[in-house]
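>>> Build me a model:
(one chain, ligands or ions: 2)
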Amino acid sequence: MALGKYAEKINQGIIDPEERYKKIMIEEIPVMLSDRGEIVCIPKNQEVFAAALLGQSGYGKSLLLNRIMMSLKNQWRVNISLLNDVSEESYHWSKPMENKKFNEFNFRWINQLPRASPIVYVYPNTNNLQLNKQRLIGKDYIKIVLPFAEILPNIGFYLSGVLEDFDLGKSGNYIRDVEDELKECQSSAEVREVLEEGLPGKDGKAFASMRAKIFNAFNNLFKEGILDITNPECHQYLRVFEKGKMDFMSNPFTCIMKAGLIPSFVTSNLATKKYKSEIFAHYVREIFKNNIKDFPNQKTFLGFDELRTVCEKDDEPASKAIGDVAARGRINEVGLVYATQFYNKIPNSVKGAKLNYGFIFRHNNQKIINEIANDFDLEKVYKEKIHKLKIFQCLAVASDKFVCYADGERYERQGPIVGQIFFPFSNHMSVSNREVSKEEDDDEDE
Ligand SMILES: Nc1ncnc2c1ncn2[C@@H]1O[C@H](COP(=O)(O)OP(=O)(O)O)[C@@H](O)[C@H]1O
Ligand SMILES: [Mg+2]
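Ligands and ions are numbered 1, 2, ... in the order given. As a prediction, the model looks like this:
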């Protein structure tokens, strides 16, 4: 053996990089570099997956959510919707990653360059919505409202959501009597007319207070700004004239995804609204039930950051809607990725469904760690490890397997695997210039 070859054998660093490294195209989504130096990836399977990102604040959940969602779109070309940006973090995501260290790490290990993501910011309209136009310069955004058809069957609920201490009670029957006529209305004036005519006590005093109560409640509903009444079945802004007839495109999220873009639902103004859960539930259901029709042979993934601000109790409509995606998403080809620091507060309807992947960041709350360890079948050493994870480190678990790459080899590994996450290629906000998020307001971890 020539000296050169011998030297190469004992010191790999001497080999010419051209020879030492070979280029491998990875179709899986790289999520982290394991402590053993492996590139750990989410495999590309036939079916959609459900994943949870868990851990206390500031250790990397949203970074990994950003990475996974954008890789789904960019690598696998599936549709994605970001459905809960309650802290207004995704404004940054439409630019390429600016942090040099993050970019260097990604470049070194997975040869990935920073990249902007084509996001459309979607605002649920309410009376307290204030757009920060400064932040939206150069960005695409729309305000959206619900169709009357969503509101009508739940009218008592929505009225009580816009008026404090309002209870429609038995008067709901009177409204139900005129529901068919209400369904035909195309303006708030027409609704008032139907109510004028249809509610009992038109000429006398007998029902005066009930009538006043209902008129007042409907006025509030219109003032709230959450409703599009111009066509009860759909929104005016979704009408299209196609093949010689007027039709409508299902919902704003689907429209944006069909255009190859990424909707990000900016929900900070919903935080205090009583009807918040219904609004989430409506859009999740719309995307979920129509996915096969809207996107034949395509997959769609929904991403929820700070899940607790969307659903907390089992009886909330959003819990049911997201629970359906968790449990039956495979049938409709809708996947789910959510992040939360309160694993113990996820409603059972969501948590009960089997997860394919869990990414667990540092936690100090023993109760939550115990619950995670129990649900993910973690041994004691890993429970102790969760306490000690550093920023950007996580414990990855899979119900099936991860795909790993090391030294040019590709193989499957079960987990748990400890490692450091790869960073998003789209930009992200650092905590130092972040407002405290809603979910973190009442952080009880420490
Ligand atoms: N662009 C960035 N440059 C530097 N640090 C960042 C950047 N984005 C996020 N970070 C830091 O990464 C950590 C994890 O952030 P994040 O994933 O948003 O936390 P969380 O787990 O609360 O969602 C935070 O400490 C944050 O300050
Ligand atoms: Mg976060």
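>>> Could you use CA atoms for every contact and neighbour count after this?
Noted.
>>> quick check, residue 189 in a helix?
Yes. According to DSSP: H, G, I helix; E, B strand; the rest coil, residue 189 belongs to a helix.
>>> which other helices and strands contact the longest helix belonging to the chain?
The residue-count maximum for a helix in the chain (DSSP state H) belongs to helix 276-294. Applying 3 or more C-alpha pairs under 8 Å, 6 or more residues apart in numbering; DSSP states H and E, one finds that helix 276-294 contacts helix 252-258, helix 317-332.
>>> Try it again at 7 Å.
helix 317-332 (3 or more C-alpha pairs under 7 Å, 6 or more residues apart in numbering; DSSP states H and E).
>>> Could you check the angle the helix it packs on makes with helix 276-294?
10 degrees (axes from the mean of the first three to the mean of the last three C-alpha atoms, to 10 degrees).
>>> what's the next secondary structure element after helix 317-332?
Going down the chain from helix 317-332, the next helix or strand is strand 334-340, by DSSP states H and E.
>>> Distance from the chain centre to the helix or strand just after that next one, please.
Following strand 334-340 in sequence order, the next helix or strand is helix 348-351 (DSSP H and E). Remark: helix 348-351 is offset 16 Å from the chain centroid, using C-alpha atoms, centre = their mean, to the nearest Å.
>>> In contact with the spatially closest residue to residue 285 that is not a sequence neighbour, which residues?
Ranked by C-alpha to C-alpha, 6 or more residues apart in numbering and with sequence neighbours excluded, the top spatial neighbour of residue 285 is residue 321, at 6.0 Å. Shown in contact with residue 321 (C-alpha atoms under 7 Å, 6 or more residues apart in numbering): 281, 284, 285.
>>> One more: residue 270?
residue 276.
>>> per-residue pLDDT, it?
If you check residue 270, the pLDDT there is 95.
>>> Kindly report the same for residue 232.
Looking at residue 232, its pLDDT is 75.
>>> Near ligand 1, list only the ones from the contacts of residue 321.
Near ligand 1, judged by C-alpha under 6 Å from any ligand atom, there are no entries from the contacts of residue 321.
>>> mind checking the end-to-end distance for stretch 113-126?
End-to-end distance of stretch 113-126 (C-alpha to C-alpha, to the nearest Å): 39 Å.
>>> Likewise for stretch 87-107?
This stretch, stretch 87-107, spans 29 Å end to end (C-alpha to C-alpha).
>>> and the single nearest residue of the stretch 51-200 of the chain relative to ligand 1, how many neighbours?
The stretch 51-200 of the chain approaches ligand 1 most closely through residue 60 (3.1 Å), counting by C-alpha to the nearest ligand atom. Using other C-alpha atoms under 10 Å, residue 60 has 24 neighbouring residues.
>>> and if you look at residue 32?
Residue 32: 29 neighbours (other C-alpha under 10 Å).
>>> Tell me if I am right that it is in a strand.
Yes. Looking at residue 32 with three-state DSSP, it is inside a strand.
>>> That one is in contact with residue 60, isn't it?
No. Using C-alpha atoms under 7 Å, residue 32 is not in contact with residue 60, being 11.7 Å away.
>>> Which positions in this protein make contact with ligand 1?
Residues of the chain lying near ligand 1 (C-alpha under 6 Å from any ligand atom): 57-63, 99, 428-432.
>>> Quickly check those residues for the two that are furthest apart.
Maximum pairwise distance in those, criterion C-alpha to C-alpha, is 19.8 Å, between 57 and 99.
>>> With neighbour numbers in mind, choose between these two.
Looking at residue 57 and residue 99 with other C-alpha under 10 Å, you find the greater number of neighbours at residue 57, namely 20 against 15.
>>> Can you tell me the closest non-neighbouring residue to residue 75?
residue 27 is the one closest to residue 75 (C-alpha to C-alpha, 6+ apart), at 7.1 Å.
>>> so how far is residue 180 from that neighbour?
Separation of residue 27 from residue 180 (C-alpha to C-alpha) stands at 52 Å.
>>> any chance you could map the helices in the stretch 101-250 of the chain?
148-151, 155-162, 172-177, 179-184, 188-198, 208-224 (DSSP state H, counting those that start in this stretch).
>>> out of these, nearest to residue 76?
That would be helix 148-151 among the helices of the stretch 101-250 of the chain, by C-alpha to C-alpha, at 33.2 Å.
>>> Now the closest one: average pLDDT?
Helix 148-151 comes out at a mean pLDDT of 90.
>>> which residues touch that helix?
The contact list for helix 148-151 (C-alpha under 7 Å, 6+ apart) reads 158, 227, 228, 229, 232, 233.
>>> do that again at 10 Å, thanks
Here helix 148-151 makes contact (C-alpha atoms under 10 Å, 6 or more residues apart in numbering) with 155, 157-159, 182-186, 221, 226-235, 278-279, 282.
>>> Buried only: go through the residues you listed for me.
Applying 16 or more other C-alpha atoms under 10 Å to the contacts of helix 148-151, the neighbour count classes 155, 157-159, 182-185, 221, 226-235, 278-279, 282 as buried.
>>> From residue 223, how far out is the closest residue to residue 220 other than its chain neighbours?
Excluding the flanking residues, the one nearest residue 220 by C-alpha to C-alpha, 6+ apart is residue 162, at 6.2 Å. Here residue 162 is placed at a distance of 9 Å from residue 223 (C-alpha to C-alpha).
>>> Ok, residue 65 next?
36 Å.
>>> In terms of packing, which of those two has more residues around it?
With neighbours defined as other C-alpha under 10 Å, residue 65 and residue 223 compare such that residue 65 has more, 24 against 13.
>>> Okay, and the more buried one sits in which element?
helix 61-75.
>>> Give me the buried stretch members for that helix, please.
61-73.
>>> what ranges do the strands span in the stretch 301-446 of the chain?
Applying DSSP state E, counting those that start in this stretch to the stretch 301-446 of the chain gives strands spanning 334-340, 357-360, 393-398, 402-406, 409-413, 417-421.
>>> Could you provide those strands in CSV, with additional columns for mean pLDDT, mean neighbour count and distance to residue 80?
Output for those, formatted as CSV (pLDDT from 0 to 100; neighbours: other C-alpha atoms under 10 Å; distance: least, C-alpha to C-alpha, whole Å):
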stretch, mean pLDDT, mean neighbour count, distance to residue 80
strand 334-340, 98, 24, 9
strand 357-360, 98, 24, 18
strand 393-398, 97, 24, 22
strand 402-406, 97, 20, 22
strand 409-413, 96, 13, 26
strand 417-421, 98, 24, 21
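>>> low pLDDT regions in the stretch 201-350 of the chain?
Nowhere does the stretch 201-350 of the chain drop to pLDDT under 70.
>>> List the single closest residue to residue 412 in space, sequence neighbours excluded.
residue 403 (4.5 Å).
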